[in-house]
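Undergrad: Just the structure for this:
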Amino acid sequence: MLTLFLSLALAGDASAAASDERSAKEDKVVCRSEAVLGSKIPERICRTTREWKQYEEESARQLENRSSYSRGTQNRNDP
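TA: Just a heads-up that it's a prediction; the model follows:
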């Protein structure tokens, strides 16, 4: 019975450690240099991995929405 209890306790610690490790990876700060319009000097931007992922998803979503808009008659498919 004691062996079962200890093995369950260790299994719980292992899953908690994996969860903590995943959380630690998402909370790691990553810095990038990005070009600034009108400047030759890049700007250094630091965000967590989770924030970079959200930023990239939002940018992709905005780009997809922007490309779906028609720009006058140049994109019309009427004969």
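Undergrad: Which SSE is immediately downstream of the helix or strand of the chain with the lowest mean pLDDT?
TA: Lowest by mean pLDDT, DSSP states H and E among the helices and strands of the chain is helix 2-26, with a mean of 64. Using DSSP states H and E, the helix or strand that directly follows helix 2-26 along the chain is strand 29-34.
Undergrad: residue contacts, Arg47?
TA: Neighbour list for Arg47: Val29, Val30, Tyr55 [criterion: C-beta atoms under 8 Å, 6 or more residues apart in numbering]. Where you see a C-beta, it was placed from the backbone N, CA and C, and this is true even at glycine.
Undergrad: excluding its backbone neighbours, what's nearest Lys28?
TA: In space, and not counting its chain neighbours, Lys28 is closest to Thr49: 5.3 Å by C-beta to C-beta, 6 or more residues apart in numbering.
Undergrad: Could you export stretch 48-60 as PDB, CA atoms only?
TA: Provided in PDB are the C-alpha atoms of stretch 48-60 (Å, rounded to 0.1, in the frame of the first residue of the first chain):
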ATOM      1  CA  THR A  48       7.300  36.200 -23.900                       C
ATOM      2  CA  THR A  49       6.900  33.200 -26.200                       C
ATOM      3  CA  ARG A  50       3.200  33.200 -25.500                       C
ATOM      4  CA  GLU A  51       2.900  36.900 -26.400                       C
ATOM      5  CA  TRP A  52       4.900  36.400 -29.600                       C
ATOM      6  CA  LYS A  53       2.600  33.600 -30.600                       C
ATOM      7  CA  GLN A  54      -0.500  35.700 -30.000                       C
ATOM      8  CA  TYR A  55       1.100  38.600 -31.900                       C
ATOM      9  CA  GLU A  56       1.900  36.400 -34.900                       C
ATOM     10  CA  GLU A  57      -1.600  34.900 -34.900                       C
ATOM     11  CA  GLU A  58      -3.200  38.300 -34.800                       C
ATOM     12  CA  SER A  59      -1.000  39.600 -37.600                       C
ATOM     13  CA  ALA A  60      -1.900  36.700 -39.800                       C
END
